[in-house]
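[1] No letters, just coordinates:
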């Protein structure tokens, strides 16, 4: 399926009306099925986590969609990753997947509105998990994806002649962090390639494809195993070590999160006081 259809779906923001929204019989439109709310609030069509996930068998094609989605109208990494998962289901199965307003994911670009926080590709993939699974089931999926991201040398994917920002091989680096700011800055520092260059944009487009591949592998495994699925990757050593004193129920309960502690707490040369006598 060519990308023109995907582009059309994206341009429409995924707001096409499917049969799941309204079933028409003559001139009668059936009311949508809504989940019970509390005191009249929090009503949700199809119920909470009511969409059925489908395995995505052609992961290579989904990676291609993710990469192209990154460049599509400049919507970026979160849009590319999310569309490559949920949008792929929309193209194959129609409603309700094609009713999602995909353009909402554009806000994840640049670590959420260019704030450099969570990598948008991770945010888009994690959001896709949460379309189908509640917190108890999606959290292990997020843990597996994020731990993999922290320890993997990126980028891996290479679109070849189809590259839209820069053609050819790119140098890699391990981010040791799920933060856009750290991931990009470390790569730019180690490669001497400016963060605001076409090469860096190309890197992020390729990483969008890489994250999508891993996310789909996790989703497919989850669908097969159901509630019994568990990730294979353990907490980073720093998280376990620091958590011995700083996690819930310990002597100094001040830490919230599972990120690798070392990028921000290792006392490296970048963490000195740069506001005093900075060259």
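    Cool, the structure landed. Since the model is a prediction, treat every value here as computed from it, not as a measurement.

[2] Remind me which helix or strand residue 145 belongs to.
    Using DSSP states H and E, the secondary-structure element containing residue 145 is helix 135-151.

[3] packing partners for that helix?
    Identification of packing neighbours for helix 135-151 by 3 or more Cβ pairs under 8 Å, 6 or more residues apart in numbering; DSSP states H and E yields helix 120-132, helix 198-225. (Glycine included, C-beta is placed from N, CA and C.)

[4] Can you name the residues in contact with the shortest one?
    Think helix 120-132. Residues from elsewhere that reach helix 120-132 (Cβ atoms under 8 Å, 6 or more residues apart in numbering): 49, 51-53, 66, 76-83, 85-86, 100, 105, 108-112, 138, 141-142, 145-146, 149, 178, 180, 204, 207-208, 210-212, 214-215, 218-219.

[5] looking at the helices and strands packed on helix 135-151, which is closest to residue 41?
    Go through the helices and strands packed on helix 135-151 one by one with Cβ to Cβ and the one that ends up closest to residue 41 is helix 120-132, at 20.0 Å.

[6] the bottom helix or strand of this protein by mean pLDDT?
    Of all the helices and strands that make up the chain, strand 24-25 has the lowest average by mean pLDDT, DSSP states H and E, namely a mean of 36.

[7] centre of the chain versus the helix or strand following the helix holding residue 145, how much separation?
    Past helix 135-151, heading to the C-terminal end, the next element that is a helix or strand (DSSP H and E) is strand 153-154. With Cα atoms, centre = their mean, to the nearest Å as the basis, strand 153-154 stands 16 Å off its chain's centre.

[8] Ok, stretch 134-147 next?
    Its chain's C-alpha centre and that of stretch 134-147 lie 12 Å apart, by Cα atoms, centre = their mean.
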